[in-house]
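A.B. asks: Quick one, structure for this:
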Amino acid sequence: MTLWQHLQNTLEQAQADDLLRSVQNLSVREGYPPDEMILVLLEQAVSDRRRLDHSHRSWESLSTRERQVTALVCEGLTGRQIAARLVLSPETIKTHVRHILRKFNIASRRELRRLLADWDLSPWLPDEHMAAK
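C.D. replies: Below is the predicted model of the structure:
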């Protein structure tokens with residue numbers, strides 16, 4: 001039994017019809033036979049899941065201050081702006097950013113923003129009253 005046939009037999013009819021129609025349309029558009037398209041989609045899903053898992057593990061390894069700095073970097077603030085907001089020196093922020101990038105195994109703030117673009121980091125943004133201190 002092919003993977004395609006197994007999916008057809010496993011899913012509820014309405015769910016199967018929608019999903020299989022979507023896979024069929026994708027396979028035609030991408031130029032793959034349906035079974036190969038399913039494997040391509042599964043590989044992509046596993047790869048995406050691994051990236052997400054790595055990102056979550058990396059996030060968990062950050063200190064509270066590193067999470068705050070990460071949130072502010074993702075907001076687009078410069079090192080000096082972050083330093084002013086957190087009442088720290090720009091050198092301290094540079095050190096935090098270097099540690100954050102190392103923990104995520106990436107090379108730039110841009111990559112960090114792209115990696116966490118879909119995350120809600122608002123709980124880690126410092127209160128506005130901190131900037132006034």
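A.B. asks: contacts and neighbour counts: CA atoms only from here.
C.D. replies: OK.
A.B. asks: The chain: helices as residue ranges?
C.D. replies: Taking DSSP state H, the helices of the chain run over residues 3-10, 13-30, 34-60, 64-74, 79-86, 90-104, 109-115, 128-132.
A.B. asks: Need the ones you listed in TSV (columns: mean neighbour count).
C.D. replies: Listed next are these as TSV, based on neighbours: other C-alpha atoms under 10 Å:
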stretch	mean neighbour count
helix 3-10	13
helix 13-30	14
helix 34-60	14
helix 64-74	20
helix 79-86	19
helix 90-104	17
helix 109-115	16
helix 128-132	10
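A.B. asks: Save those as TSV, and put in distance to Leu121 and mean pLDDT too.
C.D. replies: Listed next are the helices of the chain as TSV, based on distance: least, C-alpha to C-alpha, whole Å; pLDDT from 0 to 100:
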stretch	distance to Leu121	mean pLDDT
helix 3-10	37	70
helix 13-30	33	83
helix 34-60	11	82
helix 64-74	5	97
helix 79-86	15	97
helix 90-104	15	98
helix 109-115	11	96
helix 128-132	15	46
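A.B. asks: and of those, who's closest to Ser122?
C.D. replies: helix 64-74 (7.2 Å; C-alpha to C-alpha).
A.B. asks: Who are the packing partners of the closest one?
C.D. replies: helix 79-86, helix 90-104, helix 109-115 (3 or more C-alpha pairs under 8 Å, 6 or more residues apart in numbering; DSSP states H and E).
A.B. asks: and that helix with helix 34-60, angle?
C.D. replies: 120 degrees (axes from the mean of the first three to the mean of the last three C-alpha atoms, to 10 degrees).
A.B. asks: Contacts for helix 64-74 next, please.
C.D. replies: Contacts to helix 64-74, defined as C-alpha atoms under 8 Å, 6 or more residues apart in numbering, come from residues 59, 79, 82, 93, 96-97, 100, 109, 112-113, 116-117, 121-122, 124-126.
A.B. asks: so how far is it off the chain centroid?
C.D. replies: Here helix 64-74 is found 15 Å from its chain centre; the criterion is C-alpha atoms, centre = their mean, to the nearest Å.
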